[in-house]
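Visitor: Next comes the sequence, and after it the predicted model I'd like to discuss.
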Amino acid sequence: MSDAHTPKAIDTQLIHAGEDVPARQGAVITPIYQCTVFEIEPHGYDDLGYIRYNNLPNHYVLAGKLAALAGAEDAVVAASGMAAISAAMLTFTCGENGRAPGGHLLHGGALYGGTHGLLTRRYAAFGLSHSGIDLERPDTWEAALRPETRVVYVETLSNPLLEVAPLGALVDFARKHSLITIVDNTFASPVNARPIEHGFDLVVESATKYLNGHSDLVAGAVMGSRDHLGPIHETLKLLGGTLDPHACFLLQRGLKTLGVRVRRANETALRVAAFLEAHPKVARVHHPGLASHPHHERAARLLDGFGGMLAFELADADLEATDRVLGGTQLFVHAPSLGGVESLIVSPARSSHALMSAEARHALGITDGLIRVSVGLEDPDELLADLDRALALA
Ligand code: PLP
């Protein structure tokens, strides 16, 4: 595609970026290359096209689109969000782009459970270490540094309280200390946040969520500079985190509607949040679009949309009352995960944070009456009526 025709607006990028020009045999949609290996010519033995290497046509088309959306030089697709996260983290916590032992990673307080598990259940065995920092206390970050600190890792929006990471301050700190910055942008998606524009080195996404949007595949991706992605690609090759071409095709199809899906979820989530905030059975609502959210101003500065995720606390509720509400919805499906066309509702205390003691959970603000919602694309009035009906059971 000539430079004059390189799409800049995200909705155009979603449709056209990364696609082959001219199209393969005139096909309007990239066909599926369900093929494990390519002929050695013309690329030679050093650039062999092999399915586990994530370097077949479907991988490249998808990577081109994801890179454009993130505002990054390039992207690598992976078998899952965790494949992308583990490859990025391990590569840079080990020094010299994954080739030297040891290394320490700093991370923002609350992390997705799988990421937290990788750090707490595997890092020490791999000879790596990690520590949490309080994202709201930049004055304490330097004290957490060690000579072997190499990475700062955060999530754009935290789970389940939707705290917004101070992206600019983290980048300044990391640059000062020559650290690699990695951010999990899954809750926001590139429609609502593009952390590369704020100076982050690498963005990881679980494409299983908003990017695909239909709750029917697992995939992940890392976006960044070619220099940073080279060693991550190598780690993925070695660990085997390959995305199947058929899943690439489905993800590419899902991606094309990302803009309309995310903006609609943004709008409906804001309505649901305002409705819940005014509801007598609800003590508190966590959504960055509400003026009452502690990071509302930061969210307005950093995000193009406040997202489709929210959490709310039932007034004076125990786990049993929470269960009655969760079991009382007819449209909201009682299930974890997020970012699909269907609205989902779940108890963090019973799911993502179930392994923590009640005290540790409560210290993080995750009460027994906390309910997390992923707002889908159903009619907003019917969603509100469904919640109202379920809340009567609290
Ligand atoms: N990051 C976040 C914020 C998530 O919520 C999840 C999954 O729920 C992941 C990463 C992991 O993604 P996957 O299940 O695609 O490996």
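Guide: Received the coordinates, thanks. Numbers count the residues shown, from 1 in each chain.

Visitor: Please give me every residue in contact with Ala269.
Guide: 287, 289, 306-310, 373, 375 (C-beta atoms under 8 Å, 6 or more residues apart in numbering). Heads up, the C-betas are built off the backbone N, CA and C, glycines and all.

Visitor: rerun at 10 Å
Guide: Counting by C-beta atoms under 10 Å, 6 or more residues apart in numbering, Ala269 touches 162, 287-289, 305-310, 343, 373-376, 380, 383.

Visitor: and it, backbone torsions?
Guide: phi -60, psi -40 (degrees, to the nearest 10).

Visitor: From Phe306, how far off is it?
Guide: 7 Å (C-beta to C-beta, to the nearest Å).

Visitor: With Arg372 instead?
Guide: Taken as C-beta to C-beta, the span from Arg372 to Phe306 is 15 Å.

Visitor: Check the stretch 101-250 of the chain for the residue nearest the ligand and tell me.
Guide: At 3.0 Å from the ligand, Ser206 is the closest residue in the stretch 101-250 of the chain, using C-beta to the nearest ligand atom.

Visitor: Not counting sequence-adjacent ones, nearest residue to that residue?
Guide: Gly81 (2.5 Å; C-beta to C-beta, 6 or more residues apart in numbering).

Visitor: What residue in the chain comes nearest to the ligand?
Guide: Gly81 (2.4 Å).

Visitor: how near is that residue to Ala221?
Guide: 8 Å.

Visitor: quick one, which of these two is more surrounded?
Guide: Each of Gly81 and Ala221 has its neighbours counted (other C-beta atoms under 10 Å); Ala221 has more, 28 against 24.

Visitor: Run the contact check for the helix or strand harbouring that one versus the ligand.
Guide: Assigned by DSSP states H and E, Ala221 belongs to strand 220-224. Yes. Using C-beta under 6 Å from any ligand atom, strand 220-224 reaches the ligand at Gly220.

Visitor: Quick one: name whatever helix or strand follows that strand.
Guide: helix 226-239.

Visitor: buried set for that following helix?
Guide: 228-229, 231-237 (16 or more other C-beta atoms under 10 Å).

Visitor: count of neighbours near Ala390?
Guide: 21.

Visitor: And Arg52, by the same measure?
Guide: 16.

Visitor: quick one: it and Ala78 touch, right?
Guide: No. The pair Arg52 / Ala78 is not scored as a contact, 11.5 Å apart, by C-beta atoms under 10 Å.

Visitor: list the contacts for the closest residue to Ser129 other than its chain neighbours?
Guide: Excluding the flanking residues, the one nearest Ser129 by C-beta to C-beta, 6+ apart is His104, at 4.7 Å. Residues near His104 by C-beta under 10 Å, 6+ apart: 93, 123, 128-131, 144-151, 179.

Visitor: In helices, which of these fall?
Guide: Among these, the ones falling in helices (DSSP state H) are Thr93.

Visitor: Buried only: go through the contacts of His104 for me.
Guide: Judged by 16+ other C-beta under 10 Å, buried ones among the contacts of His104: 93, 123, 128-130, 145, 149-151, 179.
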